[in-house]
Each structure stands twice: as structure tokens, then as C-alpha cells.
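Asker: just need the structure, nothing else, for what follows:
(4 chains, ligands or ions: 4)
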2 protein chains.
Amino acid sequence: MAQAQILSRNQQIVLDIIEKAKGPLKAYSILFNVQKKGINAPQQIYRALDKLIEMGKIHKIESKNAFVACRSSDCEISKATAFSICESCEMVDEISDAKLSKYISSFNHKKGMKFKRFNLEFFGLCKKCK
Amino acid sequence: MAQAQILSRNQQIVLDIIEKAKGPLKAYSILFNVQKKGINAPQQIYRALDKLIEMGKIHKIESKNAFVACRSSDCEISKATAFSICESCEMVDEISDAKLSKYISSFNHKKGMKFKRFNLEFFGLCKKCK
DNA sequence: TAACAGAGTGTTATAATATAACATTTAATA
DNA sequence: TATTAAATGTTATATTATAACACTCTGTTA
Ligand SMILES: [Zn+2]
Ligand SMILES: [Zn+2]
Ligand SMILES: [Zn+2]
Ligand SMILES: [Zn+2]
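Answerer: Ligands and ions are numbered 1, 2, ... in the order given. A predicted model of the protein is given here:
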């Protein structure tokens, strides 16, 4: 059993904010939210974000340049991520569907490239917005 | 039969550059390359890029903030896009695999969201780099 | 203990990516 | 021709992300 990761002060602060948020957060919005805790510069945010992504605690939503907490525990440290994104209200939901993930992970590109990781983003309208 | 799209001057210039490129191009690198043709400002590039994406002539590689020409003619105006991306040399290859595309397009999220579009990005090392 | 290494922090500055706003021009069409 | 829609040119600014450097903190080991 892997040892639970111990987070540094800044990493913990940033993770807390992201976990409490209802939707994806942007780096600078995180920054504004933690200035009362003594974090003053973008670097401090981006460094924490990088480590949290490495650890699989959060994911970056590439199409939005925003970050969400990992809700799925089995996304294999970000090797296979999928999200549904509402184009109207910005809601993001992590999809953890073993069958989908397995299917995509086993896809082999004809041109001889061996994949290490994928990221899938679905777009549409959520229940509320449609 | 849909009428062939006629491109405006700036749209054509930007598309030409992207089509000639061997890899994905960034917006500002496009800008530097077309200044001799009288395009001087980022807005002009981004406007052309937006239209070209709408038309399905190019795609944005979200994880790289870069743009590639569509090579696949059947990607249904960007409703279903997939790319393989080399983490070492930056190479990007559009994947057009009907089976994969169909499988993903037919995926239904439990939470009642109906998808209109997806984008899938695979990461690994290409033949050259591994 | 002292020296060292590794990860994390704080800080200033700057690079890279993208959009707002407004005036003008061109092309399509009623 | 008058009216619209699409595209253009331009200046300014917002947003996202990284570079570089000095310092701290912690645990290891010579
Ligand atoms: Zn996850
Ligand atoms: Zn919604
Ligand atoms: Zn395509
Ligand atoms: Zn490569």
C-alpha cells in the first residue's frame, strides 16, 4: 500500500481551495483567494499546481486552463482522464468509467506510437442548462 | 452537396501557413510569419483562427495552445477530434479512426448530459523519439 | 556535529497567450 | 441604391505562465 502523500503548506492550501470549489478554478482566481494566507505570487500557485497534478490530486482542464480536484481515486495518477464540460454554465464533471477508459487505453495507433496517457474532454449542455 | 467555403484574405493566409507547417503552430509564431503580408496584430490572427476552427479547416491542440490543419476530411467539422502527441518532439498527428470515434461519440454519461462534441489527446513518444 | 543534498519557499521581473473596444472597409443582397 | 453582414485595421489591455535567484527547512551521512 502506497504511503499517503504528505503535502507541503502551499500545496495543502491550494488543494483545499480547489476541493472546496464547486467548479473548475483558474490559477489567478486561486491566487486571489489565498492572498490572506500569505501567498502572493503566481509562481507559488503554479508550483503547487504542478506538484498536485503529478500526485494525481488535481487535474487540469486543458480547454479551460482551469483546475479541478480528482474525484475518482482510480484514474491511475492522471494517466487516463475524462471530463464532461457544460458549454453554458462551466460545470465540469470527472468521468470515471472503467469500460470507456479501458477501451481508449488499449487503442493502438497505426503509426507505431505507444501511448502513455490520454485526456478526453466532452462538451455539451448539462441537465440544468439544456 | 455543401458549397466549398470561400476564405477571406486573412483566413487564407493563416490557413496556408498552418497547412505548410510540419507541426503545430502557435498563434504568435503565425503572426511573426505573416507580418510581411501586412498582418500586424494578434487580433487578426485570432479572428482567422476562430473562423478556420468553425469551418473545421484547423484544430486547436488544447494541451499545447497550438493549431494544426485538419488532415482527415471526415472529422465532422470538429465534433469528434483525436490526436496523438509526442511529448519529446512536439509532433502531432490527427487520428481518424471511425471505430474509435463512433465508440466515444456514442458514450452516454450517466448524469444526463448529452454530448455535442469531444476532443481526445493521447500522449507518448513517437517512433522517432522512443 | 558539520557538510551536504533535495524539496519547498519568497520575490521580482518578464514572457506568452488571448480579448476588448472602436473605427473603417468590403462584400452580399434586397 | 440603401441596407446589412462579415471582415479588417488598430491600439490598448487582460489573462495565463515561466525565468531567475536567494533563502529556508529537513533529513542524511561523513
Ligand atoms: Zn481523477
Ligand atoms: Zn450547465
Ligand atoms: Zn480534422
Ligand atoms: Zn517524437
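
Asker: which of the residues in stretch A:54-69 are buried?
Answerer: By neighbour count on 16 or more other Cβ atoms under 10 Å in any protein chain shown, the buried set for stretch A:54-69 is A:56-64, A:66-69. Glycine gets a C-beta too; all of them are placed from N, C-alpha and C.

Asker: buried sites along the longest strand seen in chain A?
Answerer: Secondary structure of chain A per DSSP state E: the longest strand is strand A:114-125. The neighbour-count check on strand A:114-125 (16+ other Cβ under 10 Å) flags A:Phe115, A:Arg117, A:Phe118, A:Asn119, A:Leu120, A:Glu121, A:Phe122, A:Phe123, A:Gly124, A:Leu125 as buried.

Asker: burial of the closest residue to ligand 4 within chain A, as a residue count?
Answerer: Of all residues in chain A, A:Met113 sits closest to ligand 4, at 8.3 Å by Cβ to the ion. A:Met113 has 23 neighbours, counted by other Cβ atoms under 10 Å in any protein chain shown.

Asker: for it, phi and psi?
Answerer: Here is the backbone geometry of A:Met113 (degrees, to the nearest 10): phi -100, psi 130.

Asker: is the longest strand of chain A in proximity to chain B?
Answerer: Yes. Using Cβ under 8 Å from any Cβ of the partner chain, strand A:114-125 comes into contact with chain B via A:Lys114, A:Phe115, A:Lys116, A:Arg117, A:Phe118, A:Asn119, A:Leu120, A:Glu121, A:Phe122, A:Phe123, A:Gly124, A:Leu125.

Asker: distance-wise, check the residue nearest to A:Ile61 when sequence neighbours are not counted relative to DNA strand C.
Answerer: Leaving out its chain neighbours, the residue that sits closest to A:Ile61 by Cβ to Cβ, 6 or more residues apart in numbering or on different chains is A:Pro24, at 5.2 Å. Going from A:Pro24 to DNA strand C by Cβ to the nearest atom of the strand, to the nearest Å gives 16 Å.

Asker: tell me what the lengthiest helix in chain A is packed against?
Answerer: Taking DSSP state H as the criterion, chain A has its longest helix at helix A:42-55. Under the contact definition 3 or more Cβ pairs under 8 Å, 6 or more residues apart in numbering or on different chains; DSSP states H and E, helix A:42-55 sits against helix A:9-20, helix A:27-34, strand A:58-61.

Asker: hmm, that helix touching ligand 1?
Answerer: No. Counting by Cβ under 5 Å from the ion, ligand 1 is not contacted by helix A:42-55; separation bottoms out at 10.3 Å.

Asker: residues contacting that helix, please?
Answerer: Residues from elsewhere that reach helix A:42-55, judged by Cβ atoms under 8 Å, 6 or more residues apart in numbering or on different chains: A:5, A:7-8, A:10-11, A:13-15, A:18, A:27-28, A:30-31, A:34, A:39, A:58-60, A:67, A:77-78.

Asker: if we look at DNA strand D, which of the residues you listed are close to it?
Answerer: Filtering the contacts of helix A:42-55 for proximity to DNA strand D by Cβ under 7 Å from any atom of the strand leaves A:Ala27, A:Tyr28.

Asker: can you flag the buried ones in the contacts of helix A:42-55?
Answerer: For the contacts of helix A:42-55, a burial check counting by 16+ other Cβ under 10 Å picks out A:7, A:10-11, A:13-15, A:18, A:27, A:30-31, A:34, A:39, A:58-60, A:67, A:78.

Asker: what is the most centrally placed residue in chain A paired to in the beta sheet?
Answerer: Taking Cα atoms, centre = their mean as the criterion, A:His59 is the residue nearest the geometric centre of chain A, at 1.4 Å. Listed by DSSP bridges, the beta-bridge partners for A:His59 are A:Val68.
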